[in-house]
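[1] Need the 3D shape of this:
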Amino acid sequence: MRPSTGVRALASALVVGSLAQSAAPPALAALGGDAASVQADGLRMKGQLRVSTSPSGYQVHEIQLESGTLVREYVSTDNKVFAVSWRGPSIPDLRQTLGTYFPQYVAASSVPHGGHHHLDIAQPGLIAHSSGNMRAYFGFAYVPDLIPPGFSAADLN
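    Numbering: from 1, shown residues only. All right, here's what the predicted structure looks like:
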């Protein structure tokens, strides 16, 4: 017995809906993004989230990953993630952490640079550094135009 037209239409709609949902980008509090979804970042990274506020007013959202790596997302009073940093035995998912800046990071990292254990990027829209050896990685990235008053790159840790 063949399924009715209504059943086939419903099945087709479910398949298309599932494909569309899986293709949609997740809402993340990535570099340059909105801070409203930092909690989602913590869940997606399967980490513990802690928030602190600096004397200058920006917030630091720390996500301790199961691997031991600590990811920090720096959020301005305008509710924008203006910087991210990481330190630990593994590098976090940089596609997720850097968000829309990830392609720029990848393009800059493909340019020949000295050494295999570090990367420095200094472009108008992105400053980034990544370094380390096995089980001891660290790095940061920030958007110069989003830096709030009272913040210094030296504050990234």
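
[2] Please state the offset of stretch 102-114 from the chain centre?
    17 Å (CA atoms, centre = their mean, to the nearest Å).

[3] and that stretch, average pLDDT?
    Predicted confidence along stretch 102-114 averages 86 (mean pLDDT).

[4] what does that stretch rub up against?
    94-95, 98, 119-121, 123, 125-126, 128, 141 (CB atoms under 8 Å, 6 or more residues apart in numbering). Any C-beta I mention is one placed from the backbone N, CA and C, and that applies to glycine too.

[5] Just the residues you listed: which are in strands?
    119-121, 123, 126, 128, 141 (DSSP state E).

[6] Mark which of the contacts of stretch 102-114 are buried, thanks.
    94, 98, 119, 121, 126, 128, 141 (16 or more other CB atoms under 10 Å).

[7] Among those, find the lowest-pLDDT one for me.
    The lowest pLDDT within those belongs to Leu119, with 89.

[8] Now do the same contact list for it.
    Per CB under 8 Å, 6+ apart, neighbours of Leu119: 108-109, 113, 128-131, 139.

[9] Could I get the phi/psi values of the nearest residue to Gln123 once chain neighbours are set aside?
    What sits nearest to Gln123 in space, not counting adjacent residues and going by CB to CB, 6 or more residues apart in numbering, is Ala108, at 6.4 Å. Per-residue torsions, Ala108: phi -70, psi -30 (degrees, to the nearest 10).

[10] just Gln104 next, same as before
    Main-chain torsions, Gln104, degrees, to the nearest 10: phi -60, psi -40.

[11] what about it, how many neighbours?
    Other residues within reach of Gln104, judged by other CB atoms under 10 Å, total 16.

[12] Likewise for Tyr105?
    Neighbourhood size, Tyr105 [other CB under 10 Å]: 21.

[13] so what strands line up beside the helix or strand hosting Glu73?
    When elements are assigned from DSSP states H and E, Glu73 belongs to strand 70-75. With DSSP bridges as the test, strand 70-75 is paired with strand 59-64 (antiparallel), strand 81-88 (antiparallel).

[14] These: which one's closest to Asp34?
    strand 81-88 (7.6 Å; CB to CB).
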